[in-house]
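Student: Sequence unavailable; structure follows:
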């Protein structure tokens with residue numbers, strides 16, 4: 001191997017490590033926010049231990065390819081999630097959506113685009129404190145999908161999250 005290919009491989013590896021570090025950072029932030037919010041609002045997310053146990057037994061590779069979120073008014077959010085197709089994936093998408101009990105789902109739509117599912121939904125915040133902004137809402141939604149066994153593909157997620 002020549003020096004250029006070794007350096008190229010090293011740079012590629014560093015980019016992968018940075019993406020993994022950013023994923024872990026987002027996950028830590030999600031857990032910290034979840035802990036803070038769950039202390040204030042007991043029962044906001046339904047029985048996460050049961051969902052994690054079920055997902056470990058029925059481990060289906062569920063990957064979120066893209067997540068876009070927009071704040072449409074003070075307490076309203078629009079979310080678009082694109083993920084892979086697979087057995088049980090659609091049910092897991094809606095289980096994650098149903099677990100967001102601190103929010104009112106105004107509408108949702110699940111469609112297929114090529115080899116992917118596209119889930120769009122609008123949420124209104126039921127709770128008033130702490131202030132739910134776009135960043136906190138992303139964390140809540142990500143956490144709900146992670147608890148249903150979804151993984152985020154880091155390269156596309158970084159653009160959506162502006163990390």
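Tutor: Thanks, I have it. Please read these numbers as outputs of a predicted model, since none were measured by experiment. Numbers count the residues shown, from 1 in each chain.
Student: distance of residue 115 from residue 82?
Tutor: Residue 115 is 10 Å from residue 82, where distance means C-beta to C-beta, to the nearest Å. For the C-beta atoms, the positions are set from N, CA and C on the backbone; glycine is no exception.
Student: Check residue 141 too.
Tutor: Per C-beta to C-beta, residue 141 is found 14 Å from residue 82.
Student: follow-up on the earlier one: quick check on residue 115 and residue 82: which one has the bigger neighbour count.
Tutor: Higher neighbour count among residue 115 and residue 82: residue 82, with 19 against 9, using other C-beta atoms under 10 Å.
Student: Name the SS class of the more buried one, please.
Tutor: Using DSSP: H, G, I helix; E, B strand; the rest coil, the structure places residue 82 in strand.
Student: So for it, what's the pLDDT?
Tutor: Per-residue pLDDT puts residue 82 at 94.
Student: Now name the helix or strand holding the residue positioned nearest the centre of the chain.
Tutor: Closest residue to the average C-alpha location of the chain: residue 142 at 2.4 Å, with C-alpha atoms, centre = their mean. Element membership for residue 142 (DSSP states H and E) is helix 134-147.
Student: Would you state the strands of the chain in chain order?
Tutor: 62-73, 76-84, 103-113, 116-125, 150-152 (DSSP state E).
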